[in-house]
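Engineer: with the sequence up front, the predicted model follows.
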Amino acid sequence: MKKVFILIACAGFVVFSCATPKKAMTKKTDDTTQVSDSIRIADDDGYEIIIFEPGFTAWMVANARPRQYYSKQFLRTRNIVYVTEWNQRVIQPGRFDTSLYQQEINFRPGVDYGYEVNYQLYYYFIYFQQRYNQRLAAFQARL
């Protein structure tokens, strides 16, 4: 009888643990509620960027300049500088915090990633520098 009870308890635990989890709501920031802290941006040429950063979406809504405020060339130039420094920090784990710089960003200067990818990446770098008190370039990060 004891074995049957243990077997039923284990089966109940397995069924309970296999239930689909409900989406967790994050805290409300201003008048926007976030369901997820990941953003996927893709352009027509098949390039995409996925950002997994808690709080970035709300920060972006509250702080980013409107699209077309900066030219694509400006965003692209800044992103090249930021990506180069980011990747240098990734390959030097003894000098930089590995929890901040976990993996390289594959951003090639000769590729046109489109406005949206450059826009989102630029603002992610601004957010990252402000949130973690980092400086990825000699010039001051600006919104």
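Structural biologist: Received, thanks.
Engineer: just so I have it, where are all the helices in this structure?
Structural biologist: Per DSSP state H, the chain carries helices over the ranges 2-17, 56-63, 72-90, 115-131.
Engineer: so the longest one versus helix 115-131, what angle?
Structural biologist: By that I understand helix 72-90. With axes from the mean of the first three to the mean of the last three Cα atoms, to 10 degrees defining the directions, helix 72-90 sits at 50 degrees from helix 115-131.
Engineer: what's in contact with helix 72-90?
Structural biologist: With contact meaning Cβ atoms under 8 Å, 6 or more residues apart in numbering, helix 72-90 is reached by 95-96, 100-105, 107, 109, 113-115, 118-119, 121-122, 125, 136-137. From N, CA and C alone the C-beta is placed, and that goes for glycine too.
Engineer: what mean pLDDT does that helix get?
Structural biologist: Averaging pLDDT along helix 72-90 gives 95.
Engineer: buried residues in it?
Structural biologist: Counting neighbours by 16 or more other Cβ atoms under 10 Å, one finds that the buried residues in helix 72-90 are K72, L75, R76, R78, N79, Y82, V83, E85, W86, N87, R89, V90.
Engineer: then it to PDB, C-alphas only?
Structural biologist: Only the C-alpha atoms of helix 72-90 are listed here, as PDB (Å, rounded to 0.1, in the frame of the first residue of the first chain):
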ATOM      1  CA  LYS A  72      21.000  55.600 -40.500                       C
ATOM      2  CA  GLN A  73      24.700  56.600 -41.100                       C
ATOM      3  CA  PHE A  74      25.000  58.100 -37.600                       C
ATOM      4  CA  LEU A  75      23.500  55.000 -36.000                       C
ATOM      5  CA  ARG A  76      25.600  52.700 -38.000                       C
ATOM      6  CA  THR A  77      28.800  54.600 -37.200                       C
ATOM      7  CA  ARG A  78      28.100  54.600 -33.500                       C
ATOM      8  CA  ASN A  79      27.200  50.900 -33.600                       C
ATOM      9  CA  ILE A  80      30.500  50.000 -35.200                       C
ATOM     10  CA  VAL A  81      32.300  51.800 -32.400                       C
ATOM     11  CA  TYR A  82      30.200  50.200 -29.700                       C
ATOM     12  CA  VAL A  83      30.300  46.700 -31.200                       C
ATOM     13  CA  THR A  84      34.100  46.800 -31.600                       C
ATOM     14  CA  GLU A  85      34.600  47.800 -28.000                       C
ATOM     15  CA  TRP A  86      32.000  45.300 -26.800                       C
ATOM     16  CA  ASN A  87      33.700  42.400 -28.600                       C
ATOM     17  CA  GLN A  88      37.100  43.500 -27.200                       C
ATOM     18  CA  ARG A  89      35.600  43.200 -23.800                       C
ATOM     19  CA  VAL A  90      34.100  39.800 -24.500                       C
END
